[in-house]
Every structure is written in structure tokens, then in C-alpha cells.
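> sequence first, then the predicted structure, then my questions.
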Amino acid sequence: EAGVAQSPRYKIIEKRQSVAFWCNPISGHATLYWYQQILGQGPKLLIQFQNNGVVDDSQLPKDRFSAERLKGVDSTLKIQPAKLEDSAVYLCASSLIVGANVLTFGAGSRLTVL
Amino acid sequence: QKEVEQDPGPLSVPEGAIVSLNCTYSNSAFQYFMWYRQYSRKGPELLMYTYSSGNKEDGRFTAQVDKSSKYISLFIRDSQPSDSATYLCAMSASGANSKLTFGKGITLSVRP
């Protein structure tokens, strides 16, 4: 079974620039999550999709972050404009059903904002 | 007070040692308790999963949950250098809208 794919693995940008991250979940997994993991901290949920609908985006900074999951498969997370404090690893995860606690994570996309 | 508090690290032990990792929590609605392991430059992977109070053993790993004290632990017996990683506790309430709340993680290094 292929895992959760993410790209790019690393990205360095200047503040106020924009960046986009892509995620392809495990085939058949209806629920997709984007987490932000700042160095030295645990992952924080940004947004959760069930198929192509949003279940929870309460912690997504909507003035600069956006995410979509067209056709209920791949997802893109965008940051525009980026701030220094956005430097983090952005983890995508998927699970078979909503409310599941067993998540399969991708390797993450490491963002550095200068 | 944070919902989930995890013992600060890092932790360094010699190979073969018994390791105890701990988390406390404040939300009495939490019913599901997990330990995820995260190797450097990788995503977290599920290590142990426990529902409600009690113990669960899987090889060298034992997870304990004490809901009365709002305290969970992960024990690693006969620790190996391959156990060197960051360990994250995570927990959630029941229900379709529940979400995982993670601890900060503790980095363990097992010295050969």
C-alpha cells in the first residue's frame, strides 16, 4: 500500500511570498488532514476534509491560509502571504473514516520563511 | 493550562535501559489515547493505541492509561538505538467530530 505523498519536501521563501503544498492521501481514505508542526511542538490541526467537504477549519488562519480538496482525493494547502512564524513542517495525514484516531502521516513539507 | 502536557526532554539512555515516557491531560472527555513515534525528517507513525483505562502491551512497548489521575505512560523495555526518535502522546474524545490533540513530544536517544 502506497503511503501519503507530499511535495515539495523542502521550501525556502521570503516573507510575504506565497507557497503551495500538495498531498496525495492513501487510496480510499475519505478523510484528509493538514497539520502544522512547529519545531519542538506537537502537530496542530489546521484543516480536516471528509471527501471534498471541510469538517473542521477552526484553527486555520484564514486571512493567509487556504486549502482545497477537489474531487475528494488530492489536496493543496496554500499560504499567501507568508510570515516568519509560518516556518514549520506541514504534515498531511489521511484516515479511512472521519473521527478515526489512526492517522497515516506523510513525511511532511518543511517550510522556512526568511 | 494546556490540554495535554508531556514531560520535557530530551532524554538520553544507554542501550538496554527501561524508558518511561509520560503525559498528563486536563480534558476528562478524552477516551482514546495513542503514542506516535516520529523519526527525524519523517511523519509520525502510530505506535500504541488504547481505549479508556488499562494497560496494553506490544512486544517491548507497554502503554498505561490512568483516567482517574489523567495520566498516561509509555514504557520501553530493553531499549535499542533504533528506538531513538521523538515520541508524541495524542488523545481524543469519542464521536465523529473529535480530533486528536498532541503533546509536544519528547526526543529519546538510546546510546549503543
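Here it is on my side, so go on.
> now the residue nearest the centre of chain A: which helix or strand?
Averaging the C-alpha coordinates of chain A gives a centre point, and the residue nearest to it by CA atoms, centre = their mean is A:W34 (2.9 Å). With elements delineated by DSSP states H and E, A:W34 resides in strand A:31-37, which encompasses its position.
> thinking again about what came up before, I'd say the residue nearest to the centre of chain A and A:C92 touch.
Yes - with contacts defined as CB atoms under 8 Å, A:W34 counts as touching A:C92 at a distance of 5.9 Å. Yep, even glycine has a C-beta here, placed from its N, CA and C like the rest.
> shared neighbours, these two?
Counting by CB atoms under 8 Å, 6 or more residues apart in numbering or on different chains, the contacts common to A:W34 and A:C92 are A:23, A:75, A:77.
> pull the CA coordinates from the one helix or strand the last one maps to and hand them back as PDB.
According to DSSP H and E, A:L77 maps onto strand A:75-79. What follows is strand A:75-79 as a C-alpha-only set of coordinates in PDB (Å, rounded to 0.1, in the frame of the first residue of the first chain):
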ATOM      1  CA  SER A  75      -5.300  18.400  -1.600                       C
ATOM      2  CA  THR A  76      -3.400  21.600  -1.800                       C
ATOM      3  CA  LEU A  77      -2.500  23.900   1.100                       C
ATOM      4  CA  LYS A  78      -1.600  27.500   0.200                       C
ATOM      5  CA  ILE A  79       0.000  30.300   2.300                       C
END
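> any part of that strand near chain B?
No - with CB under 8 Å from any CB of the partner chain as the measure, strand A:75-79 is seen stopping short of chain B, the closest distance being 14.7 Å.
> what segments of chain A are strands?
A:5-7, A:10-13, A:19-24, A:31-37, A:44-50, A:53-56, A:65-68, A:75-79, A:88-95, A:104-105, A:109-113 (DSSP state E).
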